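A.B. asks: Generate coordinates for the sequence data below:
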Amino acid sequence: MPTPPRRAALLCALATAATLLPAAPTQAIPRTTTPPTALRFGDCPDSVPTPPAPEHVECGRLSVPLDWHRPQSPHIEIAVSRIRASGSPAERRGILLVNPGGPGGSGLPYAVTKRAKLPAGVRRSYDVIGFDPRGVGRSAPADCGPMGGLFDAPGTDPVPVGATAEKKYLAALHAMADDCAGLAAATLPHLSTEQTAHDMDAIRAALGQPKTNFLGVSYGSYLGAAYAARFPHRTGRMVLDGVVGPWDWYDFDARQSQALLRQRDTFFAWVAAHPERFALGGSASATRASYLSARRGLTEHPVNGFGPAEFDRAVYRALGRTERWAPLADGLRGYLRTGNPDALRPAAAFDSPESRNYEAANRIVKCADGPAPTPHRILTDLHRMRRLDPQPILTGMEAATCAYWHQRPHHRTPLGSPDAPPALLVASEHDPVTPIEGAHRLRPLLPGSRLITLHDDYSHGVFASRGNACVDATTAAYLTEGTLPAKDVHCTGPGLPEVPQQAH
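C.D. replies: Residues are numbered from 1 along each chain as shown. Purely as a prediction, here's the structure:
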């Protein structure tokens with residue numbers, strides 16, 4: 001859908017306000033690393049699901065330097081999982097590393113869960129390799145403790161209004177940065193995407209493979225582009241799905257927040273088109289009023305730790321996949337009728353150990369990857385967002401805490417290379433989490449790459465995820481045969497979601 005003029009103006013303002021850092025020098029990290037260490041596989045932890053027989057998943061650990069600038073520095077261990085290709089030796093194409101996104105997402109179980117959805121030809125061709133990136137899961141997990149009150153329940157309203165609330169908002173970002181510096185000081189500079197790219201190459205070397213083939217979703221696309229920048233001649237077939245554009249993280253977060261407003265407007269109109277099912281209003285404005293009434297009620301009277309911060313997190317998650325829209329609408333209706341928000345609560349507790357690790361790693365990686373905003377810019381952008389919509393969704397503004405970070409990177413993360421082979425990019429036309437503009441902006445950094453666009457689609461993540469035969473067949477052919485499409489591919493998406501029957 002076209003961008004409204006006021007939102008387009010904000011997009012332009014955000015793009016031009018970025019603080020510039022020089023690109024990394026080509027030899028910032030030695031390209032000749034220490035000889036690969038052994039990677040021996042055995043049983044996996046309980047967090048890794050068991051695939052159906054006869055397939056088998058195995059796990060191992062690889063020792064790598066904490067700082068690839070200094071290969072003799074202290075080492076950490078990277079947790080790796082593998083499911084071998086099911087095809088004949090003639091069908092084998094090597095390894096396919098996979099990453100689910102984040103930053104902060106655990107990739108160890110992803111080898112199993114993503115492989116189960118891959119087309120049969122891809123499963124027959126590749127050993128699928130998952131790994132927990134450094135700082136995540138079982139790979140030297142990051143810990144930032146209380147993180148400035150992020151895990152308080154109910155949390156402080158994440159959309160501050162007025163000078164007093166804005167001062168507290170900035171103070172919480174400062175406290176988050178202090179918490180990370182206090183508990184993770186030794187690792188702050190080294191949990192970067194660029195260092196993780198070196199870990200990926202160490203995995204390749206330990207497995208005795210000449211090339212790294214890669215499937216990266218969301219943040220995984222950024223990681224893949226970083227690998228291609230550092231190791232262009234070791235880059236094999238690369239699929240980047242739900243593409244993060246080559247912006248600094250704070251700029252990306254701001255663009256995402258705008259896209260979420262567009263998606264929420266689409267959600268309001270979709271709900272309003274089915275008043276007999278959702279009973280939240282017969283027009284988009286009436287549905288919006290119901291939404292605001294629910295948020296206002298939870299702000300004034302949180303229920304068992306569920307307040308405005310928890311509400312916005314639930315909305316943020318739901319807007320990214322259309323199959324979550326109906327449960328979100330049902331949860332809103334349920335709360336407005338009964339005062340009970342339980343249908344809006346996530347299945348997993350936000351303060352679980354896994355969630356705490358994700359949130360810590362997410363901030364540490366983003367702040368290690370490039371320049372930070374200033375507090376003044378944060379408030380300026382906040383005011384702009386509230387002029388666009390008085391009730392924006394700021395849950396994804398994770399890089400704002402970088403304004404107070406104790407370690408500042410010397411350069412931004414290099415992405416792409418003219419020396420790397422062309423990649424296959426995949427994007428949903430109306431993805432609110434990684435807007436499609438990111439794919440268009442990244443592609444020139446990987447010359448010759450092709451883009452598959454799933455039109456009339458509103459979800460994040462496409463290949464082996466949306467069940468679209470056009471996308472899946474084109475991508476599988478590239479992975480198994482190695483030939484990119486002659487030109488960009490345009491696939492027809494499902495449109496707005498069908499309305500499911502109400503559960504009784």
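A.B. asks: buried residues in the strand or helix carrying Arg363?
C.D. replies: Using DSSP states H and E, Arg363 falls within helix 353-369. By 16 or more other Cβ atoms under 10 Å, the buried positions in helix 353-369 come out as 355-369. The C-beta positions use only the backbone N, C-alpha and C, and glycine is treated the same way.
A.B. asks: and that helix, what does it pack onto?
C.D. replies: Helices and strands touching helix 353-369, by 3 or more Cβ pairs under 8 Å, 6 or more residues apart in numbering; DSSP states H and E, are helix 163-184, helix 193-206, helix 249-272.
A.B. asks: Redo the ones you listed as a markdown table? Include mean pLDDT.
C.D. replies: Converted to a markdown table, these look like this (pLDDT from 0 to 100):
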| stretch | mean pLDDT |
| --- | --- |
| helix 163-184 | 97 |
| helix 193-206 | 98 |
| helix 249-272 | 98 |
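A.B. asks: right, so of the ones you listed, which gets closest to Ser218?
C.D. replies: For Ser218, the closest of the helices and strands packed on helix 353-369 is helix 249-272, at 10.7 Å, according to Cβ to Cβ.
A.B. asks: What residues of the following helix or strand past the closest one count as buried?
C.D. replies: For helix 249-272, the following helix or strand on the C-terminal side (DSSP H and E) is helix 275-278. By neighbour count with 16+ other Cβ under 10 Å, helix 275-278 contains the buried residues Arg277, Phe278.
A.B. asks: for helix 275-278, packing partners?
C.D. replies: Contacts defined by 3+ Cβ pairs under 8 Å, 6+ apart place helix 275-278 against helix 325-338.
A.B. asks: what angle sits between the helix it packs on and helix 249-272?
C.D. replies: Orientation check (axes from the mean of the first three to the mean of the last three Cα atoms, to 10 degrees): helix 325-338 against helix 249-272 gives 70 degrees.
A.B. asks: need the strands for this structure, in chain order.
C.D. replies: Remark: strands assigned in the chain by DSSP state E are 41-42, 57-65, 75-83, 94-99, 126-131, 212-217, 235-241, 424-428, 450-455, 489-492.
A.B. asks: Now do the last one, average pLDDT.
C.D. replies: Pointing back at strand 489-492 there. The average pLDDT within strand 489-492 is 98.
A.B. asks: residues making contact with it?
C.D. replies: Under the contact criterion Cβ atoms under 8 Å, 6 or more residues apart in numbering, strand 489-492 has outside partners Arg450, Leu451, Ile452, Thr453, Leu454, His455, Asp456, Asn468, Cys470, Val471, Thr474.
A.B. asks: next one: the helix holding Arg363 to chain centre, how far?
C.D. replies: 11 Å (Cα atoms, centre = their mean, to the nearest Å).
A.B. asks: Just the pLDDT at Ala15, thanks.
C.D. replies: 35.
A.B. asks: Which one, of the strands of the chain, ends up nearest to Arg324?
C.D. replies: strand 424-428 (14.6 Å).
A.B. asks: Output the contacting helices and strands for the closest one.
C.D. replies: Against strand 424-428 (3+ Cβ pairs under 8 Å, 6+ apart) you get strand 235-241, helix 437-442, strand 450-455, helix 469-481.
A.B. asks: Tell me how far His274 lies from Pro418.
C.D. replies: Distance from His274 to Pro418, counting by Cβ to Cβ, to the nearest Å: 50 Å.
A.B. asks: Quick check on these two: which one has the bigger neighbour count.
C.D. replies: More neighbours surround His274 than the other of His274 and Pro418, with 15 against 10 (other Cβ atoms under 10 Å).
A.B. asks: Let me know whether the more buried one touches Gln501 as I believe.
C.D. replies: No - counting by Cβ atoms under 8 Å, His274 does not reach Gln501; the two are 11.7 Å apart.
A.B. asks: shared neighbours, the two?
C.D. replies: Contact criterion Cβ under 8 Å, 6+ apart; residues shared by His274 and Gln501: none found.
A.B. asks: tally of neighbours for His455?
C.D. replies: Counted with other Cβ under 10 Å, residues neighbouring His455 total 13.
A.B. asks: so what's the spatially closest residue to it that is not a sequence neighbour up against?
C.D. replies: The shortest distance from His455 to any non-neighbouring residue, by Cβ to Cβ, 6 or more residues apart in numbering, is to Glu429 (4.8 Å). Contacts for Glu429 (Cβ under 8 Å, 6+ apart) come out as Ile436, Thr453, Leu454, His455, Asp456, Asp457, Tyr458, Gly493.
A.B. asks: Identify the farthest-apart pair in those.
C.D. replies: Pairwise distances across those (Cβ to Cβ) peak at 13.2 Å, for the pair Thr453 and Tyr458.
A.B. asks: Contacts for stretch 146-157, please.
C.D. replies: Stretch 146-157 has contacts (Cβ under 8 Å, 6+ apart) with 165, 168-169, 172-180, 298-299, 302, 305-310, 350-351, 356, 359-360, 363, 401.
A.B. asks: Mark which of those residues are buried, thanks.
C.D. replies: Neighbour-count burial (16+ other Cβ under 10 Å) applied to the contacts of stretch 146-157 gives 169, 172-180, 298, 302, 306-310, 350, 356, 359-360, 363, 401.
A.B. asks: ok so, going back, among the contacts of Glu429, the buried ones, what's the PyMOL command?
C.D. replies: Buried members of the contacts of Glu429, defined by 16+ other Cβ under 10 Å, are picked up in PyMOL with:
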select buried, resi 436+453+454+457+458+493
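A.B. asks: Tell me the one among the contacts of Glu429 nearest to Ala486.
C.D. replies: Thr453 (15.6 Å).
A.B. asks: so how far is Gln258 from that closest one?
C.D. replies: 20 Å.
A.B. asks: and His56, what is it in contact with?
C.D. replies: So His56 contacts Ile83, Arg84 (Cβ under 8 Å, 6+ apart).
A.B. asks: Do you know the pLDDT at it?
C.D. replies: Taking His56 on its own, its pLDDT is 97.
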